[in-house]
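[1] Requesting a structural model of the entry that follows:
(one chain, ligands or ions: 2)
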Amino acid sequence: MFIQRLAILGVGLIGGSLARALKRAQVCAEVIGCGRQLDNLQEALRLGVIDHYTTDIAEAVRDADVVVVAVPLGQMASVFSSIRPALAPHAIITDVGSAKASVVEEAYQHLGEHLGRFVPAHPIAGTEKSGVAASFASLFENRRVILTPLAETDPQATALVTQLWQHTGAEVVNMSVEHHDEVLAATSHLPHVLAYSLVDTLAQMEDRREIFRFAAGGFRDFTRIASSDPKMWHDICLANRSAILHVLAQFNADLAELADAIEHGDSAHILSIFSRAKMARDKFSG
Ligand SMILES: NC(=O)C1=CN([C@@H]2O[C@H](COP(=O)(O)OP(=O)(O)OC[C@H]3O[C@@H](n4cnc5c(N)ncnc54)[C@H](O)[C@@H]3O)[C@@H](O)[C@H]2O)C=CC1
Ligand SMILES: O=C(O)C(=O)Cc1ccc(O)cc1
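    Ligands and ions are numbered 1, 2, ... in the order given. Below you'll find the model as predicted:
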C-alpha cells in the first residue's frame with residue numbers, strides 16, 4: 001500500500017496521531033490537513049504532522065486518494081455532505097468516530113455515490129487529551145482498530161483501510177455496526193459516564209469537605225478519563241444513546257444490589273461481588 005495524497009479532516013489527537021504514524025511508516029507521499037482552527041493547523045504544520053493545510057474542505061479532498069474524517073461525531077454529517085461533490089471517484093473515505101451506527105446512518109444520507117468506498121472505523125486508542133499537540137505516532141501500536149464495513153462497502157476499500165491501520169502498529173478486527181456500539185457502550189462509554197458523574201458528585205461536596213485534597217491513587221486511576229473533552233463525550237452519549245442507556249440500566253441494577261448488600265451487612269454477598277470483579281479484572285490485565 002502507498003498513498004499519494006492523504007487528507008486528514010480534523011487534525012486533532014486522533015487525526016494527528018494517524019498522520020504521524022503513517023508518515024513514520026513512510027506509506028504516504030503527501031498529507032493535507034483540514035480543520036476550522038487556523039492556530040491548530042499551523043501547529044500541525046510546524047510539528048511536521050501534515051505537509052499542507054487548508055480550511056476549505058472541498059480543496060482538501062479534491063485530489064485525495066484517501067480521506068480520513070477525524071472530526072467530532074456531531075460534525076460528521078456536515079463533513080460528509082461538504083466533501084461529497086469534491087471527492088475524486090476513486091477516493092477511499094474512512095472515519096474514526098467512537099460510535100458507528102450514527103456515522104453509518106449519516107454516510108448513507110450524505111455520501112451518495114461514494115458510499116461503496118466508505119469504510120467505517122474506530123481505533124480503540126486515545127487519551128483524555130485533545131488537539132494536535134497531544135498527538136503521537138505510537139498511539140495505535142498494539143491497540144485494536146475496529147472496522148464495521150457495510151454490505152455496500154467495496155472489499156478493496158476495506159483491504160486498504162485495514163493495511164493503513166496495520167501500518168500504525170494496530171491490530172484490525174471487523175465487527176457489525178450494532179455489535180460495535182453495544183461493546184463500546186459497555187467498555188468505553190459507560191466508564192466515561194461513570195467517571196464524569198462520580199467526579200461531579202464529589203465536586204459538589206468539595207466546598208464543604210476539601211475532599212480532593214485527601215483523594216488517593218484509586219481516585220486518580222478511576223477518574224483520569226473525566227478530564228476528557230466534555231463536548232466529545234456529549235456527542236458520543238447522544239450518538240450511542242440506546243446502547244448506553246441499556247448498559248447503564250444494568251449497571252444501576254447491579255449497583256443497587258451492592259448498596260442493598262452493604263445496607264444489610266451481607267458480608268457473603270459483598271465479598272462475592274468484589275471477588276468476582278477482582279478475578280475478571282486480574283484476568284483482563286494479565
Ligand atoms: N480522543 C480519543 O481518545 C478518541 C477519539 N475518537 C474519535 O475521534 C474523533 C476526533 O476526536 P479527537 O481527535 O480526540 O478530537 P480533537 O478535538 O483532538 O480533534 C478534532 C479536530 O477536528 C476539528 N474539527 C471540528 N469540526 C470540524 C469540521 N466541521 N471540519 C473540519 N475539522 C473540524 C477540530 O478543530 C479538531 O482539530 C471523534 O469522532 C472521536 O469520537 C476515537 C478514538 C479515541
Ligand atoms: O483515555 C482513554 O483511556 C480512552 O478510553 C480513550 C478513548 C476515547 C474514546 C474512544 O473511542 C476510544 C478510546
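
[2] so what does the helix or strand of the chain with the lowest mean pLDDT touch, helix or strand wise?
    In the chain, no helix or strand scores lower on mean pLDDT, DSSP states H and E than helix 190-209, which sits at a mean of 90. On a contact count with 3 or more C-beta pairs under 8 Å, 6 or more residues apart in numbering; DSSP states H and E, helix 190-209 meets helix 217-223, helix 230-239, helix 241-263. In this view, the C-beta of every residue, glycine as well, is placed from N, C-alpha and C.

[3] residues in contact with that helix?
    Residues from elsewhere that reach helix 190-209, judged by C-beta atoms under 8 Å, 6 or more residues apart in numbering: 211-212, 222-226, 228, 230, 233, 236-237, 244, 247-248, 251.

[4] 10 Å instead, please
    The set of residues external to helix 190-209 that reach it, using C-beta atoms under 10 Å, 6 or more residues apart in numbering, is 98, 128, 184-185, 211-213, 215, 219, 222-228, 230, 232-234, 236-237, 243-244, 246-248, 250-251, 255.

[5] Please indicate which of these are buried?
    98, 184-185, 223, 225-226, 228, 232-233, 236-237, 243-244, 247-248 (16 or more other C-beta atoms under 10 Å).

[6] Of these, which ones also sit close to ligand 2?
    With C-beta under 6 Å from any ligand atom as the criterion, the buried ones among the contacts of helix 190-209 include S98, I225 near ligand 2.

[7] check contacts around the residue of the stretch 101-250 of the chain found nearest ligand 2.
    Closest residue of the stretch 101-250 of the chain to ligand 2, C-beta to the nearest ligand atom: G126 (3.1 Å). Going by C-beta under 10 Å, 6+ apart, G126 touches 13-14, 17, 96, 98, 134, 139-140, 143, 188, 225, 228, 232.

[8] Stretch 196-214 close to ligand 2?
    No - applying C-beta under 6 Å from any ligand atom, one finds stretch 196-214 separated from ligand 2 by no less than 12.6 Å.

[9] can you pull the buried residues of that stretch?
    Buried residues in stretch 196-214 (16+ other C-beta under 10 Å): Y196, V199, L202.

[10] Okay, the first one and ligand 1: tell me how far apart.
    For Y196, the distance to ligand 1 (C-beta to the nearest ligand atom, to the nearest Å) stands at 15 Å.

[11] Surely H180 is in contact with A186?
    No - under the criterion of C-beta atoms under 10 Å, H180 makes no contact with A186, lying 11.2 Å away.

[12] Specify which residue of the two has the higher count of neighbours.
    H180 (25 against 17; other C-beta atoms under 10 Å).

[13] Pretty sure that one sits in a helix.
    Yes - under DSSP: H, G, I helix; E, B strand; the rest coil, H180 falls within a helix.
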